[in-house]
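**Q** output the structure for:
(4 chains)
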2 protein chains.
Amino acid sequence: MTANITDVARRAGVSTATVSRVLNRNYPVSDGVRQRVLEAVRDLGYVANAHARALLTATSGTVGVILHDVSDPYFGEIVRGIQEVAIEEDRLVVICSSLREPGREITYIEMLRAQRVDAVIMAGGHILDDEYVMALREQSLQLRSQGSRLVLCGRHPVRADAVVPDNTAGAARVVRHLLARGHRRIAHICGPANFSTTQDRVDGYLGALASYGVEPDPALIVTGAFDREGGYAATVRLLEAGVEPTAIFAANDLAAVGAMARLRERGLRVPDDVSVVGFDDVPVARDVTPPLTTVRVPLAEMGRQSMRLALRDAGAPTEVVRLETELVERGSVRSVSQEP
Amino acid sequence: MTANITDVARRAGVSTATVSRVLNRNYPVSDGVRQRVLEAVRDLGYVANAHARALLTATSGTVGVILHDVSDPYFGEIVRGIQEVAIEEDRLVVICSSLREPGREITYIEMLRAQRVDAVIMAGGHILDDEYVMALREQSLQLRSQGSRLVLCGRHPVRADAVVPDNTAGAARVVRHLLARGHRRIAHICGPANFSTTQDRVDGYLGALASYGVEPDPALIVTGAFDREGGYAATVRLLEAGVEPTAIFAANDLAAVGAMARLRERGLRVPDDVSVVGFDDVPVARDVTPPLTTVRVPLAEMGRQSMRLALRDAGAPTEVVRLETELVERGSVRSVSQEP
DNA sequence: CTGAAAGCGCTAACAA
DNA sequence: TTGTTAGCGCTTTCAG
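**A** Residues are numbered from 1 along each chain as shown, chains lettered A, B, ... in the order given. Next up, the predicted model:
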């Protein structure tokens, strides 16, 4: 059905080796023969079978990416960076959505190992679970022994190449920003429990509070999710609990947007009644009203760097790239006068 | 380096055929032998080489997706739908970002053909260019003869499977919404010239105007792009031209958001001074202030349906799925009284 | 129920 | 400069 190299060889009246040489243009071939081969290729619409080639060369020119959900702008930006490098380096990218199921992540690594991908990039935070981390370590080792590698983008629970933003410092930075403006009752809508990113940002929150000598109030910490719904629902609970925060630090921008939506529904103005800050600086942050003060995480750059790590030689030593975050002040924070 | 089936066979003391049978569990194998094989597999961390398998079976279990840019929520939503079905059907998805370069799209199809993907899904609009369309037709044919297929998601310039929303009707619908509210000077920020989606939506705009007997004013149509910057820049020009529209219909939501940003900068209130409507109903639409009135395009559903078409048997006849769009009224449109 | 062997499509020695 | 040939790792007859 599909033309193969033998068909092309026959049509051009040459051997398959010659066809291969013309196509890979890494060997001298006479002009006349080259023309005939190229013509046969065109006539037959021939495209060399990448699997046969991968079988010989033991490399696929493909990189696998495992993430939670492409429609989340956090991952969308990371993937954009990855694709930029993929184009430059002429690689194919297989994207796998785990939908936050740790089991599926491991299954995907195995599928990607079967594909003999040049590397696997795992983006986003991970579940804080011993069994899961052990499985991950095991897979990382297997990838290495295949001449491939695991690159962690945004987390770093096992020894592997990694690109990590400083979540904790970023969180501390934005919470201190709030504290410096007089806020003391700062609520935190955190991500799902047992998530590394959740933990990192909670740590930053707690650290900032401590540095100002503010006692954390458990009632001010509510578990949400890294999406709009989660932020919304958490804010519903926060408001019902009557804890009256003067500011809310959401685990990420989407949750902050959800929080703002709920605040608005309840007639609370941002930032006049409640200040709100997010994390990540995804595109939506500057288009909500008021524009969201947040922490910029260089997502596309994380993607680019991950891809660069992924594409190094199999022998290259493990490397960890740490990226700075940056406070971006917009309009969702107001100063409050401190009461005694 | 990497363990292969022979290593497993040797370790389990059986033949490679038996290992294959255990792994594919489609043949009777005695329990004792199965145990030994499974154990060897585990010990060696063996994962069958997908390329060797693909070479035999001539199918890869992989679907290719070509789109403009993953970080654009339009594509993010489509891919989400695609991935949902990919998980259900246990397929891998290769995502290729063309960055709107038609040449790269064709190159990608060839790379995907080389991978013997089960199907190629091309998402988003296409360039209105004869040469390009011919190349596409050629590739579609080649895919067919490989037992694969081309699925078009959001466009339909060549005979192939397709999932298409009614862009023209949707555009007409939202512009009539504006007309019904008394607007007569309705600007249109359109997408890049020679883009099918641009054309479709302009057609709808013009059709709606005609149905109300309103003469289109060329000065009210400005070329932008399908992103925030494009909407912003187009609005700068629109405002400088002094054409004073009472409403703006942007080619998509991102452009609408850019338009709103510029309007705000110039002290123009939405919708009090100018009404704004978008297209697509991507997540950001409901989070801007005021929330954007727009046309909902069932993006995730388009992705799902595309994947369903993609996964049918090679013999299945070409099918075109048409999807309805829907006006979603939010807060960015105000009625105006008509002056004589 | 299990093994031997052919061959999928290609590339890379090795010859000529 | 070109052809011949031996596999890459796997599945699948065909025997046993």
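**Q** okay, and A:Arg304 sits in which element?
**A** helix A:299-310 (DSSP states H and E).
**Q** where does the prediction get shaky in the stretch 1-150 of chain A?
**A** For the stretch 1-150 of chain A, applying pLDDT under 70 flags no range at all.
**Q** identify the bridge partners of the most centrally placed residue in chain A.
**A** Central residue of chain A (Cα atoms, centre = their mean): A:Ala123, 3.5 Å from the mean position. Beta bridges link A:Ala123 to A:Cys153 when assigned by DSSP bridges.
**Q** closest point of chain A to chain B, which residue?
**A** Minimum separation of chain A from chain B (Cβ to the nearest Cβ) falls at A:Thr289, amounting to 3.4 Å. Using the backbone N, CA and C atoms, a C-beta is placed for each residue, glycine as well.
**Q** state the pLDDT value of that residue.
**A** A:Thr289 is assigned 95 on the pLDDT scale.
**Q** just give the nearest non-adjacent residue to it, would you?
**A** In space, and not counting its chain neighbours, A:Thr289 is closest to B:Thr289: 3.4 Å by Cβ to Cβ, 6 or more residues apart in numbering or on different chains.
**Q** that neighbour belongs to a helix?
**A** No. Looking at B:Thr289 with DSSP: H, G, I helix; E, B strand; the rest coil, it is coil, so not inside a helix.
**Q** count the residues that sit near it.
**A** B:Thr289 sits with 16 neighbouring residues when counted by other Cβ atoms under 10 Å in any protein chain shown.
**Q** what of A:Gly278?
**A** 31.
**Q** OK, contacts around whichever residue of chain A sits closest to DNA strand C?
**A** Closest to DNA strand C within chain A is A:Ile5: 2.8 Å, counting by Cβ to the nearest atom of the strand. Going by Cβ atoms under 8 Å, 6 or more residues apart in numbering or on different chains, A:Ile5 touches A:16, A:19-20, A:46, A:48.
**Q** mind doing that once more with 6 Å?
**A** A:16, A:19 (Cβ atoms under 6 Å, 6 or more residues apart in numbering or on different chains).
**Q** and it, backbone torsions?
**A** Torsion angles at A:Ile5 (phi, psi; degrees, to the nearest 10) stand at phi -60, psi -30.
**Q** and for A:Arg184?
**A** Per-residue torsions, A:Arg184: phi -130, psi -30 (degrees, to the nearest 10).
**Q** what's the local residue count around it?
**A** Using other Cβ under 10 Å, A:Arg184 has 17 other residues around it.
**Q** A:Glu88 too?
**A** Residues near A:Glu88, counting by other Cβ under 10 Å, number 12.
**Q** and it, what helix or strand is that in?
**A** Short version, using DSSP H and E: A:Glu88 is in helix A:73-89.
**Q** wait, isn't A:Ile109 in contact with A:Gln139?
**A** Yes. Between A:Ile109 and A:Gln139 a contact is recorded at 4.5 Å, counting by Cβ atoms under 6 Å.
**Q** hang on, the earlier thing: wait, the residue of chain A closest to chain B sits on B:Pro290?
**A** No. Using Cβ under 6 Å, A:Thr289 is not in contact with B:Pro290, being 8.7 Å away.
**Q** how about A:Glu244: what's its closest non-neighbour residue?
**A** Counting by Cβ to Cβ, 6+ apart, the residue nearest A:Glu244 is A:Arg185, at 6.5 Å.
**Q** stretch A:100-116 and chain B in contact?
**A** Yes. Using Cβ under 6 Å from any Cβ of the partner chain, stretch A:100-116 reaches chain B at A:110, A:113-115.
**Q** tell me the buried residues within the residues you listed.
**A** A:113-115 (16 or more other Cβ atoms under 10 Å in any protein chain shown).
**Q** in CSV: those residues, plus distance to DNA strand C and secondary structure.
**A** CSV is the format used below for those (distance: Cβ to the nearest atom of the strand, whole Å; DSSP: H, G, I helix; E, B strand; the rest coil):
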residue, distance to DNA strand C, secondary structure
A:Arg113, 19, helix
A:Ala114, 15, helix
A:Gln115, 16, coil
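**Q** distance to A:Thr57 added to those residues, as a markdown table?
**A** What follows is those, written out as a markdown table (distance: Cβ to Cβ, whole Å):
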| residue | distance to A:Thr57 |
| --- | --- |
| A:Arg113 | 17 |
| A:Ala114 | 16 |
| A:Gln115 | 14 |
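**Q** just the closest of these to DNA strand D, please.
**A** Each of those was scored against DNA strand D by Cβ to the nearest atom of the strand, and A:Ala114 proved nearest at 8.0 Å.
**Q** run a quick neighbour tally on the residue nearest to that closest one when sequence neighbours are not counted.
**A** Of all residues not flanking A:Ala114 in the chain, B:Ala50 sits nearest, at 4.1 Å (Cβ to Cβ, 6+ apart). Other residues near B:Ala50 come to 22 when the count uses other Cβ under 10 Å.
**Q** then the one 3 residues further on?
**A** Taking other Cβ under 10 Å as the criterion, the count of residues near B:Arg53 is 16.
**Q** so it belongs to a strand, correct?
**A** No. Counting by three-state DSSP, B:Arg53 is not part of a strand but helix.
**Q** relative to chain A, how far out is it?
**A** Distance of B:Arg53 to chain A, given as Cβ to the nearest Cβ, to the nearest Å: 8 Å.
**Q** what sits against that residue?
**A** By Cβ under 6 Å, 6+ apart, B:Arg53 has no neighbours at all.
**Q** that one and A:His51, how far apart?
**A** Separation of B:Arg53 from A:His51 (Cβ to Cβ, to the nearest Å): 8 Å.
**Q** mutual contacts of those two, please.
**A** Counting by Cβ under 6 Å, 6+ apart, nothing touches both B:Arg53 and A:His51.
**Q** rewinding a little: which other helices and strands does the helix or strand following the helix holding A:Arg304 contact?
**A** The element immediately downstream of helix A:299-310 (helix or strand, assigned by DSSP H and E) is strand A:320-323. Counting contacts by 3 or more Cβ pairs under 6 Å, 6 or more residues apart in numbering or on different chains; DSSP states H and E, strand A:320-323 is packed against strand A:161-165.
**Q** hey, C-alpha coordinates of the strand it packs on in PDB?
**A** Output of strand A:161-165 as PDB, limited to C-alpha atoms (Å, rounded to 0.1, in the frame of the first residue of the first chain):
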ATOM      1  CA  ASP A 161      17.800  17.200  35.200                       C
ATOM      2  CA  ALA A 162      15.400  19.900  36.300                       C
ATOM      3  CA  VAL A 163      14.300  23.500  35.700                       C
ATOM      4  CA  VAL A 164      12.800  25.000  38.800                       C
ATOM      5  CA  PRO A 165      11.400  28.400  39.600                       C
END
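**Q** what's the helix or strand following it in contact with?
**A** Downstream of strand A:161-165, the next assigned helix or strand under DSSP H and E is helix A:167-180. Residues outside helix A:167-180 that contact it (Cβ under 6 Å, 6+ apart) are A:186, A:200-201, A:203-205, A:207-208, A:212, A:247, A:249, A:277, A:295, A:325, A:327.
**Q** are any of those residues buried, and if so which?
**A** A:186, A:200-201, A:204-205, A:208, A:247, A:249, A:277, A:295, A:325.
**Q** now for these, which pair is the farthest apart?
**A** A:Asp200 and A:Ala247 (19.8 Å; Cβ to Cβ).
**Q** show me where the stretch 101-250 of chain A has its strands.
**A** A:119-123, A:150-153, A:161-165, A:186-190, A:221-223, A:247-250 (DSSP state E, counting those that start in this stretch).
**Q** what packs against the fifth one?
**A** This means strand A:221-223. Using 3+ Cβ pairs under 6 Å, 6+ apart, the elements in contact with strand A:221-223 are strand A:186-190, helix A:228-240.
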